[in-house]
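Chemist: Fold the following, please.
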Amino acid sequence: MKATCGMTLHRLRLFTALVCAALHGAVSPHVSANEKPVCADTGDSAQVAAIRGQRDAFNAAIRTLDIDAIEAVLAEDVLLITGTNSDVYRGREAQLEIWRGDADDVNRTVYVRTPACVQVSPVFPVAMEHGTWRGQQPAPSDNFASGSYSAKWRLIGGAWTLEVETYMTEACGGSFCPNEGAAQ
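Modeler: Below is the predicted model:
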């Protein structure tokens, strides 16, 4: 019994040491509690550039509401988790319906994603993108929401396509806020 208890304490201490070491390495000592850590592009630079190009194309397609261009960036089974209500949209067609629904709205919200970093896997044809987003209506211009996002990309048939996007809302203005007009 005593050997088992000693072994359990040893494992607990080892586990605690490993967790502390991992956390110490993962959190920069130069980042204060109010600052967000900065990420960096990693992996093949040509692939990073290709993903950033796809993001630019997706932003342009949203701005001009080019449904065909939006479709070209989305994987067939893409998953979108919204930033405010955590609504889940599964599949390319579900997302395209969102954008098609905006076609007749002159005051539609235009979303822009701005990557902070793209990290390409050295093992598989996948990548992660992290950055900030902003959705804003043209009138009144104080109607907006913004925050952080992460996206997973996969190289399919020579093109980088979005598999998953997850958003978190961190700021809002006008009617986008829970208490209308209370900018945060």
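Chemist: for the chain, what spans make up the strands?
Modeler: Using DSSP state E, the strands of the chain run over 74-81, 88-90, 110-120, 126-136, 144-156, 159-173.
Chemist: would you list the ones you listed in JSON lines and tack on mean pLDDT, distance to Ala46 and mean neighbour count?
Modeler: For the C-beta atoms, the positions are set from N, CA and C on the backbone; glycine is no exception. Shown next, in JSON lines, are the strands of the chain (pLDDT from 0 to 100; distance: least, C-beta to C-beta, whole Å; neighbours: other C-beta atoms under 10 Å):
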{"stretch": "strand 74-81", "mean pLDDT": "98", "distance to Ala46": "21", "mean neighbour count": "17"}
{"stretch": "strand 88-90", "mean pLDDT": "97", "distance to Ala46": "31", "mean neighbour count": "13"}
{"stretch": "strand 110-120", "mean pLDDT": "97", "distance to Ala46": "9", "mean neighbour count": "18"}
{"stretch": "strand 126-136", "mean pLDDT": "97", "distance to Ala46": "12", "mean neighbour count": "19"}
{"stretch": "strand 144-156", "mean pLDDT": "97", "distance to Ala46": "12", "mean neighbour count": "19"}
{"stretch": "strand 159-173", "mean pLDDT": "97", "distance to Ala46": "11", "mean neighbour count": "18"}
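Chemist: The ones you listed: which one's closest to Val48?
Modeler: Closest of the strands of the chain to Val48 is strand 110-120, at 4.7 Å (criterion: C-beta to C-beta).
Chemist: Identify the residues contacting that closest one?
Modeler: 38-44, 47-48, 51-52, 55, 58-59, 62-63, 126-138, 149, 151, 153 (C-beta atoms under 8 Å, 6 or more residues apart in numbering).
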